[in-house]
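Peer 1: sequence first, predicted coordinates after that:
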Amino acid sequence: MKITIVGGGNVGTQFAVHCAAKGHQVSIYTPHFQEFQKHLTIVDEKGNVQKEGWVHSVTENAEEAFSGAECIFVTVPAFRMRYIAEKILPYVGNGVKIGLIPGSGGGECAFRSCLAKGGIVFGIQRVPSVARLVTYGRTVRATGYREQLLLAALPRKKTKECCALMEELLDMPCAKLPGYLNVTLTPSNPVIHTSRLYTLFQNYTEGICYDRVPLFYEEWDEESSLLLLECDGEVQQICKALPAFDLQEVKSLKKHYESNTAEELTRKIRSIEGFQGIKTPMVPKDGGYIPDLDSRYFTADFSYGLSILRQIGEFAGVATPAMTRISGWYEKIAKHRESFNYRDYGIDNPEQFQAFYAG
């Protein structure tokens, strides 16, 4: 197959290696093409090479990247989805598969025009593993691969076909989800990152500097867990209020992390090996540190994560006080950042919402 990877970061590099190692013709679409070598590797936590592959090309030219591509994996942050969809659209033909890795963040709406041209859009609930670049354009460390992937596609009838593709490329079992809304509502980064950032910086205002950069997960506290469980509960209430959809695979974080209390959840999150060493997104200023509002933890997970969950809550008639409190705080410190809105894609009411996701 001719496969194109959009984005040369952690997940983009990981997917490029997996696809190239299987003998497919792989291109990477990135503005940083000059920093890439064609031989890419995946290593484990000790630096041992686990997989390697040679990509066909690395380019910033859309025609070179997308013309003739049979499968396109999009690994950029959610706020870039609409821009990338416009770049891809001229080259989409009937049956071209567009995989969103992961599938949250509203990408299914951004690629609505590609669906209209006969394209297939699919997304996975969560990334296959923790992936962190060792050297940009060369090596990525991947640890903690999941036992299986969970995937949904639009049109829904193409889900089985997309699962088979992912199994072949990644050598991982891939199970079908009942519908794409199971991906969109997954309580992952949009509630995990935002709950933690709110707890850390709820008293932040311009002029405040912090004297250190805390570890994001290893120093996780019970206040963050309590807020996260509130948000998780609101997601579950939204699912219950949408009986037209089978949302059984939107698992509560209590089940996902095997933690029923805030204390148990705190211990679990602190102990996850793949989360070790990850710092809170902050930047130096005036001898101290301030929140890095340009980090995707902010730009994607609030405006293209939490915002989507709240809007679905509105369609479902469910109040979301915890998520609303977090969003209100972010809007004060972020000011005029763009945000996902279903209305931008012609989805203005519960009926249109239901029709789109039932496809």
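Peer 2: Done, it's in.
Peer 1: could you check how far L309 is from E63?
Peer 2: Per C-beta to C-beta, to the nearest Å, L309 is found 37 Å from E63. In this view, the C-beta of every residue, glycine as well, is placed from N, C-alpha and C.
Peer 1: ok, the two, which is more surrounded?
Peer 2: Between L309 and E63, counted using other C-beta atoms under 10 Å, L309 has the larger neighbour count: 23 against 11.
Peer 1: now do the SS call for that one.
Peer 2: helix (DSSP: H, G, I helix; E, B strand; the rest coil).
Peer 1: residues in contact with it?
Peer 2: 185, 190-191, 234-235, 238, 320, 323 (C-beta atoms under 8 Å, 6 or more residues apart in numbering).
Peer 1: from those, which has minimum pLDDT?
Peer 2: In this model, the minimum pLDDT among the contacts of L309 belongs to P190 (94).
Peer 1: how close does it get to Y330?
Peer 2: From P190 to Y330 the distance is 12 Å (C-beta to C-beta).
Peer 1: what does the lowest-mean-pLDDT helix or strand in the chain rub up against?
Peer 2: Using mean pLDDT, DSSP states H and E, helix 296-299 stands out as the lowest-scoring helix or strand of the chain, at a mean of 93. Defining contact as C-beta under 8 Å, 6+ apart, one finds that helix 296-299 is touched by 77, 79, 189, 193, 197, 281, 291-293, 330, 334, 337.
Peer 1: among these, who's most crowded?
Peer 2: Most crowded among those, counting by other C-beta under 10 Å, is L197 at 25 neighbours.
Peer 1: can you pull the phi/psi pair for that one?
Peer 2: phi -70, psi -40 (degrees, to the nearest 10).
Peer 1: do I have it right that it meets P291?
Peer 2: Yes. Here L197 reaches P291: they are 7.2 Å apart, a contact under C-beta atoms under 8 Å.
Peer 1: find residues that contact each of those two.
Peer 2: 281, 298.
Peer 1: quick one: the helices in the stretch 251-359 of the chain, in order.
Peer 2: Remark: helices assigned in the stretch 251-359 of the chain by DSSP state H, counting those that start in this stretch are 253-256, 262-271, 296-299, 307-316, 321-334, 350-357.
Peer 1: got CSV for those helices, with distance to R141 too?
Peer 2: Formatted as CSV, the helices of the stretch 251-359 of the chain follow (distance: least, C-beta to C-beta, whole Å):
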stretch, distance to R141
helix 253-256, 23
helix 262-271, 19
helix 296-299, 19
helix 307-316, 30
helix 321-334, 31
helix 350-357, 36
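Peer 1: so which of those is nearest G7?
Peer 2: If you check each of the helices of the stretch 251-359 of the chain against G7 by C-beta to C-beta, helix 296-299 wins as the nearest, at 11.4 Å.
Peer 1: tell me the buried residues in the closest one?
Peer 2: 296-299 (16 or more other C-beta atoms under 10 Å).
Peer 1: before we move on, what about stretch 173-181?
Peer 2: Applying 16+ other C-beta under 10 Å to stretch 173-181 flags 174, 176-177, 179-181 as buried.
Peer 1: could you pull out the strands in this protein for me?
Peer 2: Counting by DSSP state E, one finds strands in the chain at the ranges 2-6, 25-29, 39-43, 49-54, 57-59, 71-74, 97-100, 120-124, 130-135, 139-143, 149-154, 174-176, 282-285, 288-291.
Peer 1: for G346, find the nearest of those strands.
Peer 2: Going by C-beta to C-beta, the one of the strands of the chain nearest G346 is strand 149-154, 15.0 Å.
Peer 1: which helices and strands does that closest one pack with?
Peer 2: If you count contacts as 3 or more C-beta pairs under 8 Å, 6 or more residues apart in numbering; DSSP states H and E, strand 149-154 packs onto strand 120-124, helix 159-170, strand 174-176, helix 181-184.
Peer 1: name every strand pairing with that strand and say which way it goes.
Peer 2: Strands that pair with strand 149-154, judged by DSSP bridges, come out as strand 120-124 (antiparallel), strand 174-176 (parallel).
Peer 1: right, and S339 touches G305 too?
Peer 2: No. Applying C-beta under 8 Å, one finds S339 not in contact with G305, separated by 10.2 Å.
Peer 1: which of the two has more residues huddled nearby?
Peer 2: The neighbour count for S339 versus G305, taken as other C-beta under 10 Å, is higher for G305 (26 against 20).
Peer 1: just checking, that one touches S104?
Peer 2: Yes. With contact defined as C-beta under 8 Å, G305 counts as touching S104 (6.5 Å).
Peer 1: may I have the residues that are in contact with F79?
Peer 2: Residues near F79 by C-beta under 8 Å, 6+ apart: 296, 299-300, 303-304, 338.
Peer 1: and it, what's its pLDDT?
Peer 2: Taking F79 on its own, its pLDDT is 90.
Peer 1: and it, how far is that from P291?
Peer 2: In terms of C-beta to C-beta, F79 sits 17 Å off from P291.
Peer 1: cool, Y297 as well?
Peer 2: From Y297 to P291 the distance is 9 Å (C-beta to C-beta).
Peer 1: distance check, the residue most central in space within the chain against I88.
Peer 2: Centre of the chain computed as the mean C-alpha position; nearest residue by C-alpha atoms, centre = their mean is P102, 3.9 Å away. Taking C-beta to C-beta as the measure, P102 falls 18 Å from I88.
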